[in-house]
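In: need coordinates for the below:
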Amino acid sequence: QVQLVESGGGLVQAGGSLRLSCAASGRTFSTYVMGWFRQAPGKEREFVAAITWSGGSTYYAASLKGRFTISRDNAKNTVYLQMNSLKPEDTAVYYCAANQYVGSSRLPHPYEYDYWGQGTQVTVSS
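Out: Got it, this is the predicted structure:
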């Protein structure tokens with residue numbers, strides 16, 4: 001069982017940066033694949049990024065690669081999402097998610113993840 005709590009969201013101007021954190025409970029955090037998703041009003045939940053249990057492999061939505069960076073610190077049971085050059089279209093609720101195993105081809109699919117945080121709001125003003 002893993003419980004996830006996101007933080008770090010807020011209001012930022014276009015071009016600015018934010019770093020989201022997702023703190024996980026449970027002794028087996030280091031064995032979980034972690035993902036970040038986002039959901040804007042009236043839209044479906046969208047894959048942002050994922051990272052393997054060791055941090056050795058990372059995956060990104062093609063449209064976000066280069067601006068967003070996912071990382072993890074297993075000693076702190078935390079996964080991060082560094083977001084740079086933010087745009088108004090990045091406005092959404094950002095969620096972290098976890099599962100012990102997700103095949104690389106399945107990483108963008110929300111239903112592959114068993115555990116979810118409550119989300120943190122990111123608002124980018126123009």
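In: from residue 95, how far off is residue 22?
Out: According to C-beta to C-beta, to the nearest Å, residue 22 and residue 95 sit 9 Å apart. From N, CA and C alone the C-beta is placed, and that goes for glycine too.
In: for residue 117, same thing?
Out: 6 Å.
In: any shared contact partners between those two?
Out: Shared contacts of residue 117 and residue 95, defined by C-beta atoms under 8 Å, 6 or more residues apart in numbering, comprise residue 6.
In: which residue is nearest the middle of the protein?
Out: Central residue of the chain (C-alpha atoms, centre = their mean): residue 36, 2.1 Å from the mean position.
In: for that one, give the beta-bridge partners.
Out: Judged by DSSP bridges, the bridge partners of residue 36 are residue 49, residue 96.
In: which ones are touching it?
Out: Residue 36 touches 20, 22, 48, 49, 50, 70, 79, 81, 94, 95, 96, 97, counting by C-beta under 8 Å, 6+ apart.
In: surely the first one touches residue 7?
Out: Yes - with contact taken as C-beta atoms under 8 Å, residue 20 and residue 7 are classed as touching, separated by 7.2 Å.
In: between these two, which contacts overlap?
Out: Residues touching both residue 20 and residue 7 (C-beta under 8 Å, 6+ apart) are residue 120.
In: what segments of this protein are strands?
Out: For the chain, applying DSSP state E gives strands covering 4-7, 10-13, 18-24, 33-39, 46-51, 58-60, 68-73, 78-83, 92-99, 115-116, 120-125.
In: out of these, flag the one nearest residue 107.
Out: Residue 107 lies closest to strand 46-51 among these, at 4.3 Å (C-beta to C-beta).
In: now do the closest one: distance to the chain's middle.
Out: Centroid separation for strand 46-51 versus its chain: 6 Å, with C-alpha atoms, centre = their mean, to the nearest Å.
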